[in-house]
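Engineer: What follows is a predicted protein model with its sequence.
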Amino acid sequence: MATPGDAVSVEEQIARWRSYLGRRQAIHSVDVAELEDHLREQIAVLADAGLAPDEAFLVAVKRMGKLDDLSREFAREHSERLWKQLVVVPSDSGEARARARTDAVVVFCLAVAVAVFIKVPALFGIQWDQEAGFYFYARNLSLFVLPLLTGYFAWKRRLDTKTLRWLAVAFVAAGVFANVYPFGPGGYTEALTALHLPIALWLVVGIAYAGGRWSQVGGRMDFIRFSGELFIYYVLIALGGAVLLAFMRMIFQAIGIDIEPFFQSWLLPCGAVGAVMVASWLVEAKQSVIENMAPVLTRLFSPLFAAVLVVFLGTSLWTGRGVDIEREVLIAFDLLLVVVLGLLLYSVSARDPQSPPGVFDVVQVVLVVSALLADAVALWAIAARITEFGFTPNRVAALGENVILLVNLAWSAVLYIRFLRGRGSFTGLERWQTNYLPVYAVWAAIVVIVFPPVFGYV
Amino acid sequence: MEINKDLIAASSTPIVLAILAEEDSYGYAIIKRVRELSGGRMEWTDGMLYPVLHRLERLGHIEARWEVAESGRSRKYYRITPGGRAQLAEERRQWQAVDSTLRGIWQALFLPVPASHPASAAQLPQGA
């Protein structure tokens, strides 16, 4: 008969076997339970026949078949299990289910609230498809959506009242600065405010998103990941919405009803802001379940962008063509740097800091350095003629952004090269990128707060 | 003796359905019953039974329920459904056709049928 010592060791062995089995993606925990019942019965029968418990265990496991074969058979029967599915409300364990359901209800309510909120100005006769209303909406759009999104994360992360107060102050201040300045009709500074206010306020969302972890590199990195996924989900939802709309228009046209006015004044604004809430919630729910998309796109496009930039530099050197200075060229190069920064950021966000330098890291460095050189060429050309063009608010804002991005990428390149040469750790680059986040927000805030009075509200 | 893998795979559906037509059962007992019926000639790898059971469940031929066995462990029992019985009858017709074909050709060949020919193992479910 089994001595207690043997019994313990067999139990341990069964536990180990169970954990091996449980790691297979195609074999779910209910299947493991079923197979374990089988194994235990087999062991009991063999032990009755006179085998020692550990021998019985070995024989029983052997009869069960090889793990690889077993998991292949399970995968063949349950092929859907190899595809990760997003289950927003889990079907098992009661507490998690209840929490997920509350979350879903809260998000649904917030999405409805934000959709109602965006239409409130209509009560006061402000329509976004009329000129005056359009400028009002352009300046305040982020103020309709982001406070509620911040509220969602504040609720989810259980922020303390002190932080909440600061976040509220930031939104109130943003509301004041967006609306008190006497902007000239169709002025540049007004357009700049509309563009930069969301950037500044996105940091406020980030502080709420990170909960108490904003001061840590990890917390800010999570927010970067969240932002990238949110963008991708939002674009996907928008594409779906466009398809839905196309069908709506088509079938209603068939019965002679034009839905265009309804679409313009209700469906588009309400859907666009509600989708922000829904996309945020989906990203929150999926974060550990489904592969992040942003790093996948980064992997695809980093080499391509690097190749394009290298060819561009080579061609301009070979032909001796300088950058043709047009009014928009600075903005084009700003956008290029933003894209390169995005590629760098999302490859950093997905990289295991412990793994040694690889080919992809070299590609990243080539990408960053070639972007810097291309930008330097453009800046050189602009610097020569900047006084001639004059300092308009747009040009100063674009120049400021260019400098901010240039500094970030230049130092990133230094850190990355140090890492490639084994002189520094990858975490240094991570820390640099996450520490830099407030700089964008501060610059955006400066553009919103300082530029209009300095440039006379033109 | 070794029975060809394809034959085992092909015969698993009628065998499992027939055993469950006798009475509700669970994995270990099904394997045991197969061993008894075949006199030890059909050796299934134990684990491989479960994907078969899950497939039959998905097809609606059998249904599963969890019960607490006398040992205190919970155990998954399977029961044949009316659809499963119809499938069993269909399988039986097909296997009988294969069996009678083979029988005819064995006789025509005047081949002495060895005691443990694969064809005899394949008949097992019909006997059940």
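Structural biologist: Now that the structure is in, tell me what you want to look at.
Engineer: contacts, neighbours, all on C-alpha from now
Structural biologist: Will do.
Engineer: tally of neighbours for whatever residue of the stretch 1-150 of chain A ends up closest to chain B?
Structural biologist: Nearest residue of the stretch 1-150 of chain A to chain B: residue A:64, at 4.5 Å (Cα to the nearest Cα). Residues lying near residue A:64 (other Cα atoms under 10 Å in any protein chain shown) number 20.
Engineer: That one and residue A:57: what is the separation?
Structural biologist: From residue A:64 across to residue A:57, the span is 11 Å (Cα to Cα, to the nearest Å).
Engineer: before we move on, what about residue A:293?
Structural biologist: 44 Å.
Engineer: what's around residue 109, how many residues?
Structural biologist: If you meant another chain, say so; for now it's chain A. Neighbour number of residue A:109 under other Cα under 10 Å is 14.
Engineer: please go with chain B instead
Structural biologist: Using other Cα under 10 Å, residue B:109 is surrounded by 9 other residues.
Engineer: cool, residue A:63 as well?
Structural biologist: Neighbour count for residue A:63, taken as other Cα under 10 Å: 17.
Engineer: Against residue A:74, how distant is it?
Structural biologist: 17 Å.
Engineer: What of residue A:19?
Structural biologist: Residue A:19 is 16 Å from residue A:74, by Cα to Cα.
Engineer: just residue A:442 next, same as before
Structural biologist: 54 Å.
Engineer: And these two? Which one has more around it.
Structural biologist: residue A:74 (25 against 14).
Engineer: Would you mind pulling the contact partners of the helix or strand hosting the more buried one?
Structural biologist: Taking DSSP states H and E as the definition, residue A:74 sits inside helix A:67-77. Here helix A:67-77 makes contact (Cα atoms under 8 Å, 6 or more residues apart in numbering or on different chains) with A:21, A:24, A:26, A:27, A:81, A:82, B:47, B:48, B:51, B:52, B:54, B:55.
Engineer: Assign a three-state SS to the third one, would you?
Structural biologist: What DSSP: H, G, I helix; E, B strand; the rest coil gives for residue A:26 is coil.
Engineer: which non-adjacent residue is nearest it?
Structural biologist: Computed as Cα to Cα, 6 or more residues apart in numbering or on different chains, the closest residue to residue A:26 that is not its neighbour in sequence is residue A:75, at 5.0 Å.
Engineer: And residue A:392, how close does it get to chain B?
Structural biologist: 69 Å (Cα to the nearest Cα, to the nearest Å).
Engineer: show me what contacts that residue?
Structural biologist: Contacts of residue A:392 by Cα under 8 Å, 6+ apart are residue A:455.
Engineer: neighbours around residue B:90, how many?
Structural biologist: 13.
Engineer: Show me just the buried residues among the contacts of helix A:67-77.
Structural biologist: Buried members of those, counted by 16 or more other Cα atoms under 10 Å in any protein chain shown: A:21, A:24, A:26, A:27, B:47, B:48, B:51, B:52, B:54, B:55.
Engineer: Kindly confirm my reading that residue B:78 is in a strand.
Structural biologist: Yes: applying three-state DSSP, one finds residue B:78 inside a strand.
Engineer: secondary structure element for the closest residue to it other than its chain neighbours?
Structural biologist: Spatial nearest neighbour of residue B:78, excluding adjacent residues (Cα to Cα, 6+ apart): residue B:64 at 4.4 Å. Mapping residue B:64 onto the secondary structure by DSSP H and E places it in strand B:62-68.
Engineer: Could you list the buried residues of that strand?
Structural biologist: Of the residues in strand B:62-68, those with enough neighbours to count as buried (16+ other Cα under 10 Å) are B:62, B:63, B:64.
Engineer: near chain B, which residues of the stretch 1-150 of chain A show up?
Structural biologist: A:34-35, A:37-38, A:41-42, A:63-65, A:70, A:73-74, A:77 (Cα under 8 Å from any Cα of the partner chain).
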